[in-house]
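Model the following, please.
(chains A and B)
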2 protein chains.
Amino acid sequence: MLREVTLEDIRPIGIGAGILGTGGGGNPYLGGLHLASVIRDKGPQPLVDPLQLADEALVCVAGNIGAPTVSIEKLPEGTEMLRALRLLEAHIGRRFDAIAIAEIGGANSMQPLICGLQAGIPTVDSDSMGRAFPEIQMSSFLFDSAATAAPLAMVDAADNAAVIPAAVNDLWAEKMARNIAVSMGARAGLVGTIMTGAQLKASGVHYTMSLAHHLGSKVIAAQRQKNDVPQVVADVLDGQVLFHGKIGDVHRRTTAGFARGSVRIDSFANADQLAIEFQNELLIARVNGAVAVTTPDLICIVTAEEGEPVTTELLRYGTRVAVIAVPAPPQLKSETALEVVGPGAFGYDVAFRPLPGGVIGLRPAE
Amino acid sequence: MLREVTLEDIRPIGIGAGILGTGGGGNPYLGGLHLASVIRDKGPQPLVDPLQLADEALVCVAGNIGAPTVSIEKLPEGTEMLRALRLLEAHIGRRFDAIAIAEIGGANSMQPLICGLQAGIPTVDSDSMGRAFPEIQMSSFLFDSAATAAPLAMVDAADNAAVIPAAVNDLWAEKMARNIAVSMGARAGLVGTIMTGAQLKASGVHYTMSLAHHLGSKVIAAQRQKNDVPQVVADVLDGQVLFHGKIGDVHRRTTAGFARGSVRIDSFANADQLAIEFQNELLIARVNGAVAVTTPDLICIVTAEEGEPVTTELLRYGTRVAVIAVPAPPQLKSETALEVVGPGAFGYDVAFRPLPGGVIGLRPAE
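Numbers count the residues shown, from 1 in each chain, chains lettered A, B, ... in the order given. The predicted model follows:
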């Protein structure tokens, strides 16, 4: 696994995290610029092997909550997460030992590195999704665990702050935090999901920061060598290239804070069609009308030549893409987990059809 | 002034607070039932003379936040404010000495009595409006004072809780608290606006609980004696009966959490018209098209015979009413205050035209 994150690691992590974002999770580019400035100031950020974490260590997640579209237009003050961390520490009367990653997919790959560096504590190489999902309760740290989303703390770019000491359940914590984020201009730093090291070991999707870095490095190398980049992505992720084609149609509407819609991709021979439904993330893929991939399995759209991630807000007519299907990590496929991140949780009347094989994450040795 | 609130005091306080609610503030009836059950359990609730409060005493307000319409349908668990009080005490690391009244008008007249009884501390006979207003920042405790709305704590009927440790200003505290209240099903107990005794003395509208009680008692007596009840209301409040008539038309729409609209009242001879614009509370009154009363001055609609308060949601064609105009307390008419509670703050392009004379509140001797 990766032992620390240096300036040189930011670009590959950004590409890998972008692909793992499955169309959502926000763009890691601005977060990468922010991380670079913090690394220039304080040096590289150490990563902790999750399996080496002390059982009694106190860990929390740190990231941004809000609308990805807003995060491009409204820049952060820069210390939102650090201030939220200190606020939560004051609330519980204890200090945190390390920061875990809420979602490796998209922009929230960079935030736990920034927050850890600012707070002077390491980042754990483990996240709760192995991909991106839009809501707080969609977290393997919470599915089959005694950990809860609240207490949590939120701080915005000005001096607004909020603490949720307790919630009826994680869905209620999400509802309150989401409305607070709206009051904060749809962008805030959030720190919560307090866990022990033992709980993180049992529930996390491990080594996904290393995976994002490895994936991004392979993409960059394949681009230089003019290799088949989409195939390289599929190989690294233990997935398969499901489809090659050209975007033929996009339907999009923004409702209740989500970018909902569908995209149709036509094969180059125009013989086959792939239709994908999305809500921020790409969730259901149908080939010629037949369900082929279902959430929580990953649907990743990359550009046909460069293998760069295409987020749902950038989908447009004519783009030549490849679509890669990747089996979700097992933590997302338990009965409890599927109630929260399966097709039904997003309102689709489709059963989860797991793709064969595949375990996201790198072994510690790599 | 009233020295304590007993079972017998609840009805007069409810009538007086209803009239001072200027059409909004919610119905005190259910809160009165709740208060009665707590008084039966714990005895009467002592009132503190605000001018006798120690300068260094620590005081906060306690009340309900949410939609008055919801508060009729969704009953409280009963200890929301007490739990919010304890949460705020834990957050600041100090205990409160007394509870002040956020708004004497409407349902929030009863809540500081309930909360004080449950917490074992007295209620201060002083509020921040002398009437009702819909938002947290509309408070004389905040206008020309160093006190701030945050820190504040909110708790709902279940186990959801939130603390706002800090806000950029009181308007931002309101925005966050309002959205949290929405997450909590549009009803929550809220404790905040922490003050010293010295700050409360300098900023409060004093003896308004006594005033509500006195007003309600006079109304009940006048009803028994078949006197002109609207005139009695006007006399007690140092106001004037502006209009007698029958409701001729009501326009109402619920937007952004407010019951907005207008009501037309026709004189019995049908010669004159009174038009009132409202947003929860009655805010602007025009007689035959000419502006006659403007917020923060009080516009109170009562039934023509019984002099009972008519809230905006109960306005309907054909009701015979009297409209009473009452000068607002001076604390609401400073330059700072008018920016927050004057006609412009509610979007009306009308200048504030103060009614002559009048100071709401009873002298301590009465």
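
wait, what's in contact with A:Val155?
Counting by C-beta atoms under 8 Å, 6 or more residues apart in numbering or on different chains, A:Val155 makes contact with A:Glu80, A:Met81, A:Arg83, A:Ala84, A:Leu87, A:Ala161, A:Ala162, A:Ala188, A:Gly189. Yep, even glycine has a C-beta here, placed from its N, CA and C like the rest.

Just among those residues, which is most surrounded?
A:Ala162 (34 neighbours; other C-beta atoms under 10 Å in any protein chain shown).

Do the helix or strand hosting it and chain B come into contact?
A:Ala162 is part of strand A:161-166 when elements are defined by DSSP states H and E. Yes. Counting by C-beta under 8 Å from any C-beta of the partner chain, contacts between strand A:161-166 and chain B involve A:Ala161, A:Ala162, A:Val163, A:Ile164, A:Pro165, A:Ala166.

Tell me who's in contact with A:Ala222.
Contact analysis of A:Ala222 by C-beta under 8 Å, 6+ apart lists A:Asp228, A:Val229, A:Val232, A:Gly307.

what sits against the second one?
Taking C-beta under 8 Å, 6+ apart as the criterion, A:Val229 is in contact with A:Val219, A:Ala222, A:Gln223, A:Val302, A:Glu305, A:Glu306, A:Gly307.

out of those residues, which one sits closest to B:Ile276?
When the contacts of A:Val229 are compared for distance to B:Ile276 (C-beta to C-beta), A:Val302 wins out at 62.1 Å.

hang on, that closest one in a strand?
Yes. Read with DSSP: H, G, I helix; E, B strand; the rest coil, A:Val302 is one of the residues of a strand.

what about it, distance to A:Glu89?
40 Å (C-beta to C-beta, to the nearest Å).

the more surrounded of the two?
Taking neighbours as other C-beta under 10 Å, A:Val302 and A:Glu89 compare with A:Val302 leading, 24 against 17.

isn't the more buried one right up against A:Glu308?
Yes. Applying C-beta atoms under 8 Å as the test, A:Val302 and A:Glu308 come out as touching, 6.1 Å apart.

which of the contacts of A:Ala222 lies closest to chain B?
Each of these was scored against chain B by C-beta to the nearest C-beta, and A:Gly307 proved nearest at 40.8 Å.

For that closest one, which non-adjacent residue is closest in space?
Spatial nearest neighbour of A:Gly307, excluding adjacent residues (C-beta to C-beta, 6 or more residues apart in numbering or on different chains): A:Val229 at 2.8 Å.

Please report phi then psi for that neighbour.
For A:Val229, the backbone dihedrals (degrees, to the nearest 10) come out as phi -60, psi -50.

State the pLDDT value of it.
Looking at A:Val229, its pLDDT reads 97.

got it, and A:Val182?
Reported pLDDT for A:Val182: 89.

Nearest residue to it in space, please, no chain neighbours.
A:Val182 sits nearest to B:Asn179 (C-beta to C-beta, 6+ apart), 5.8 Å away.

ok, now A:Leu200?
A:Val59 (5.4 Å).

Sketch out the helices for the stretch 51-200 of chain A, chain order is fine.
A:68-73, A:80-92, A:111-119, A:140-143, A:170-183, A:197-203 (DSSP state H, counting those that start in this stretch).

now what about the fifth one, what contacts it?
Here helix A:170-183 makes contact (C-beta under 8 Å, 6+ apart) with A:65-66, A:135-137, A:139, A:142, A:148-150, A:152, A:154, A:160, A:162, A:164, A:167, A:187-188, A:190, A:192, A:257, B:158, B:160, B:162, B:172, B:175-176, B:178-180, B:182-184.

Can you tell me which residues in chain A are near chain B?
So chain A meets chain B at A:87, A:91, A:158-168, A:172, A:175-176, A:178-180, A:182-184 (C-beta under 8 Å from any C-beta).

Quick one: buried ones out of those residues?
Applying 16 or more other C-beta atoms under 10 Å in any protein chain shown to these, the neighbour count classes A:87, A:91, A:160-168, A:172, A:175-176, A:178-180, A:182-184 as buried.

Could you verify my assumption that A:Arg253 touches A:Ser262?
No. Look at A:Arg253 against A:Ser262 with C-beta under 8 Å: they stay out of range, at 10.2 Å.

more crowded one of those two?
Taking neighbours as other C-beta under 10 Å, A:Arg253 and A:Ser262 compare with A:Ser262 leading, 16 against 8.

Tell me the first helix or strand C-terminal of the helix or strand hosting the more buried one.
A:Ser262 is part of strand A:258-266 when elements are defined by DSSP H and E. Counting by DSSP H and E, the next helix or strand C-terminal to strand A:258-266 is strand A:273-279.

who touches the helix or strand following that next one?
Sequence order places strand A:281-287 as the next helix or strand after strand A:273-279, per DSSP H and E. Outside strand A:281-287, the residues that touch it by C-beta under 8 Å, 6+ apart are A:21-25, A:105, A:131-134, A:242-243, A:272-277, A:291-295, A:299-301, A:312, A:323, A:325, A:343, A:346, A:348, A:350.

quick one: strand A:281-287 to strand A:273-279, angle?
Here strand A:281-287 points in a direction 160 degrees away from that of strand A:273-279 (axes from the mean of the first three to the mean of the last three C-alpha atoms, to 10 degrees).

Parallel or antiparallel, which strands does strand A:281-287 pair with?
Counting by DSSP bridges, the strands paired with strand A:281-287 are strand A:273-279 (antiparallel), strand A:290-294 (antiparallel).

For these, could you give me a markdown table that also reports distance to B:Ser109?
Compiled in a markdown table, these are given as follows (distance: least, C-beta to C-beta, whole Å):
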| stretch | distance to B:Ser109 |
| --- | --- |
| strand A:273-279 | 45 |
| strand A:290-294 | 55 |
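
Save these as JSON lines, and put in distance to A:Lys42 and mean neighbour count too.
Converted to JSON lines, these look like this (distance: least, C-beta to C-beta, whole Å; neighbours: other C-beta atoms under 10 Å in any protein chain shown):
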{"stretch": "strand A:273-279", "distance to A:Lys42": "37", "mean neighbour count": "22"}
{"stretch": "strand A:290-294", "distance to A:Lys42": "41", "mean neighbour count": "18"}
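
so who does A:Pro50 touch?
Contacts of A:Pro50 (C-beta under 8 Å, 6+ apart): A:Val124, A:Asp125, A:Ser126, A:Leu200, A:Lys201, A:Gly204, A:His206, A:Tyr207.

Put together TSV for those residues, with neighbour count and pLDDT on each row.
As requested, the contacts of A:Pro50 are exported to TSV (neighbours: other C-beta atoms under 10 Å in any protein chain shown; pLDDT from 0 to 100):
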residue	neighbour count	pLDDT
A:Val124	29	98
A:Asp125	30	98
A:Ser126	30	98
A:Leu200	29	98
A:Lys201	18	97
A:Gly204	30	97
A:His206	26	97
A:Tyr207	27	97
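
Mind checking which of those residues land in strands?
Using DSSP state E, A:Val124, A:Asp125, A:Ser126, A:His206 are the members of these that sit in strands.

Out of those, flag the one nearest to B:Val48.
The closest of these, once distances to B:Val48 are taken by C-beta to C-beta, is A:Val124, at 52.6 Å.
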